[in-house]
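J.: dropping the sequence and predicted coords here.
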Amino acid sequence: MYRGFWVLIVSLLTGSVGMAQDNVNIAGKWYGTFKLYYGDKYRMIVNLEKDGAGYKGTLELPEMSDNDQFEIETVVYRRDTLLLRIDGMRFAFTGVWDPAAKQFRGITGLGDDQSDTDLGRKEITVGEVYKRPQEPKPPFPYYTEQVRFNNVKDSVTLAGTFTRPAAQGKYPVVLLLSGSGPQDRNEEIAGHKLFLVLADYFARNGIATLRYDDRGFGASTGDFDTSDIYDFSHDALTALKYLKARKDVDIFRTGVLGHSEGAIVAQIVAANNPGVAFVISMAGVGVSGRELIDQQSAAKGKMAGKPDSLILADQVRMKPYWDLLASDSNIAAITPRAQEILRNIYRNSSEDVKKGQTEDELIRRANMSRETISLLRYKPLTYLKQIKCPVMAINGTADIQVDATTNLKEIERALNENGNLLTTIRKFDGLNHLFQRCKTCDVSEYGELEQTIDPLVPEFMAHWILQLPPSEGR
């Protein structure tokens, strides 16, 4: 994207501009928003001042960095076109002045993403960026406590929030496990705080929860980038141990709820573990990580309108790469070969593909983190067959990241064939990976939707939890 983006910028600056006029004074603050892959919207504040014959300035990104100001390395204002650039963070904005609207209409690029952006003088508040009617607001009719607990094995301190009904007592409790990538305790995605909404609903309906920042993120210590799903399971086990030491928790009704990758961690934690009273899998997988990759590429291809023949061709082309990463080989040992495969794929790609990114950009973007490799190599059957407690598995039929039909079928089969008939399997029609009722149902729509989660989902889960007998009685 970055190279193609700069081709666009150069053409804007060097080509003829039909609406060219005397430049307006652009000194002062300018406000805009841009959108990333999952529909995450971010505010940007550009502060410009005169610098000789030109301008200099700073950039603020309030949602990404609270008080930091980044020096804008390049400020070009020619005719009616404004160009801003910061190479170190791969940020760029180019816009053309709209005299009627009194703002620059253009494109923002950040890393590998690009988004339409209007840059104007009117300040933009957080509330104007996102409308999230389900996000709970104080005062809350329940008890909330900020907590910390230590994963001694990995020398990690985890920070989280414990929530329960206000009255004293021992409550069923759910440990909430977030999806892939570094996540905060609310599992915030595109302004949606899924776990906050769930914790609020559960507390209002007699159920306690614990949610925590991933290691190396938020207020938790540790290094996320060098960790995998098995490290995350150590954190979850530590959280369970912490919960069982509390006097306001029913240790025989202590369960885990995982969303997406968190559902995988829940499988690992619950395997052959009598301390887990129940499992809830939200958008969890039943097929291997390698098979999931092909499912995702097929779903995204269909979403883009590709014919089946082209989708299959894409999968065949990428097969050597994914097969290598999914093998049991040492990551460092296979990295040179993996990069060689990607270079060959790039060199044999169409010119349209090459216009979007360079060969080196493709290599750089290839995600070979420990987390990704562990997901690719994950085989759910290994753990599902060891789970003996009640399991609820729910997926949305409009989820293009985890196919509902295939994965729910495999989860149910793995549990039932190994003697666990305490299963509740449910497909929610028309819901996406976040369990939102969606329109296009593409991942880029997450942030556009006001709904954080379809209300039927937390209601369904809470009812199921409350009717379960204590594990002591099973």
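T.: Nice, I can see it.
J.: contacting residues for the residue positioned nearest the centre of the chain?
T.: For the chain, the residue lying nearest the average C-alpha position, counting by CA atoms, centre = their mean, turns out to be Ile189 (5.5 Å). Residues in contact with Ile189 (CB atoms under 8 Å, 6 or more residues apart in numbering) are Tyr38, Asp40, Gly179, Leu434, Tyr446. All C-beta spots, glycine's among them, are computed from the backbone N, C-alpha and C.
J.: one more time with 7 Å, if that's ok
T.: Applying CB atoms under 7 Å, 6 or more residues apart in numbering to Ile189 gives the contacts Tyr38, Leu434, Tyr446.
J.: list just the nearest of those to Asp200.
T.: For the contacts of Ile189, the minimum distance to Asp200 (CB to CB) is 16.3 Å, reached by Leu434.
J.: ok, that closest one touching Leu194?
T.: Yes - contact criterion CB atoms under 7 Å: Leu434 and Leu194 qualify, at 6.4 Å.
J.: give me the common contacts of these two.
T.: With CB under 7 Å, 6+ apart, Leu434 and Leu194 have common neighbours Ile453.
J.: which residues of the chain score low on pLDDT?
T.: By pLDDT under 70, the low-scoring segments of the chain are 1-23, 66, 367, 473-474.
J.: and the helices in it?
T.: 2-14, 126-129, 194-204, 229-244, 261-270, 289-303, 308-326, 331-347, 351-356, 359-365, 370-376, 380-384, 404-417, 456-467 (DSSP state H).
J.: need the contact partners of the third one.
T.: The reference is to helix 194-204. So helix 194-204 is contacted by 134-136, 141-142, 163-165, 174, 176, 178, 185-187, 209, 211, 259, 434, 452-453, 458, 462 (CB under 7 Å, 6+ apart).
J.: can you flag the buried ones in those residues?
T.: By neighbour count, with 16 or more other CB atoms under 10 Å, the contacts of helix 194-204 hold 134, 142, 163-165, 174, 176, 178, 185-187, 209, 211, 259, 434, 452-453, 458, 462 as buried.
J.: strands - which of the residues you listed land there?
T.: Judged by DSSP state E, those include Tyr142, Thr163, Arg164, Pro165, Val174, Leu176, Thr209, Arg211, His259 as members of strands.
J.: reformat the residues you listed as CSV; add distance to Arg364.
T.: Formatted as CSV, these follow (distance: CB to CB, whole Å):
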residue, distance to Arg364
Tyr142, 46
Thr163, 41
Arg164, 45
Pro165, 49
Val174, 39
Leu176, 33
Thr209, 38
Arg211, 33
His259, 29
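J.: quick one, domains of the chain?
T.: 2-129, 142-288+378-473, 290-374 (automatic domain parsing).
J.: tell me which of these is the most buried.
T.: domain 142-288+378-473 (a mean of 20; mean count of other CB atoms under 10 Å).
J.: quick one: distance of it to the chain centre.
T.: Put simply, domain 142-288+378-473 sits 15 Å off its chain's centre (CA atoms, centre = their mean, to the nearest Å).
J.: pull up the distance across stretch 365-381, start to finish.
T.: Taking CA to CA, to the nearest Å, stretch 365-381 runs 30 Å from one end to the other.
J.: what does it contact?
T.: The set of residues external to stretch 365-381 that reach it, using CB under 7 Å, 6+ apart, is 112, 180, 225-230, 261, 264, 267, 285-286, 288-290, 293, 325-326, 331, 335, 338, 342, 410, 414.
J.: with stretch 120-128 instead?
T.: Contacts for stretch 120-128 (CB under 7 Å, 6+ apart): Trp30, Tyr31, Gly32, Thr33, Arg43, Lys102, Gln103.
J.: list the beta-bridge partners for the fourth one.
T.: The one in question is Thr33. Arg43 (DSSP bridges).
J.: what's the answer for the last one, then?
T.: Note on Gln103: beta-bridge partners Asp98, judged by DSSP bridges.
J.: so it touches Thr117, yeah?
T.: No - the criterion here is CB under 7 Å, and Gln103 misses it with Thr117 at 9.7 Å.
J.: nearest to Thr405, of the contacts of stretch 120-128?
T.: Once CB to CB is applied, the member of the contacts of stretch 120-128 that ends up nearest Thr405 is Thr33, at 36.8 Å.
J.: quick one: contacts for that closest one?
T.: By CB under 7 Å, 6+ apart, the residues touching Thr33 are Lys41, Tyr42, Arg43, Met44, Thr117, Ile124, Val129.
J.: redo the residues you listed as JSON lines? Include distance to Lys153.
T.: Output for the contacts of Thr33, formatted as JSON lines (distance: CB to CB, whole Å):
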{"residue": "Lys41", "distance to Lys153": "38"}
{"residue": "Tyr42", "distance to Lys153": "36"}
{"residue": "Arg43", "distance to Lys153": "40"}
{"residue": "Met44", "distance to Lys153": "41"}
{"residue": "Thr117", "distance to Lys153": "45"}
{"residue": "Ile124", "distance to Lys153": "45"}
{"residue": "Val129", "distance to Lys153": "40"}
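J.: between which two of the residues you listed is the distance greatest?
T.: Thr117 and Val129 (12.5 Å).
J.: what comes into contact with stretch 64-78?
T.: Residues outside stretch 64-78 that contact it (CB under 7 Å, 6+ apart): 13, 23, 26, 42, 48, 54-60, 83-87, 89.
J.: ditto for stretch 223-234
T.: 151, 153-154, 182, 214-217, 261, 264-265, 268-269, 369-371, 374-375, 378.
J.: what do you get if the cut-off is 10 Å, keeping everything else the same?
T.: By CB atoms under 10 Å, 6 or more residues apart in numbering, the surrounding residues in contact with stretch 223-234 are 151-154, 156, 177-178, 180-183, 213-217, 222, 235, 258, 261-262, 264-271, 289, 369-375, 377-378, 383.
J.: ok, now how distant is Thr144 from Leu384?
T.: To Leu384, Thr144 is 34 Å away according to CB to CB, to the nearest Å.
J.: what's the answer for Val249, then?
T.: Distance from Val249 to Leu384, counting by CB to CB: 26 Å.
J.: could you do Ala27 as well?
T.: Remark: distance between Ala27 and Leu384 (CB to CB) = 62 Å.
J.: which ones are touching Arg337?
T.: Applying CB under 10 Å, 6+ apart, the residues near Arg337 are Pro320, Tyr321, Leu324, Ser329.
J.: which one of those is nearest Lys388?
T.: Ser329 (33.4 Å).
J.: that closest one and Phe217, how far apart?
T.: Distance of Ser329 to Phe217, given as CB to CB: 29 Å.
J.: just Leu110 next, same as before
T.: Taking CB to CB as the measure, Leu110 falls 19 Å from Phe217.
J.: circling back to that earlier point, closest to Gly305 among the contacts of Arg337?
T.: Among the contacts of Arg337, and counting by CB to CB, the member closest to Gly305 is Tyr321, at 24.3 Å.
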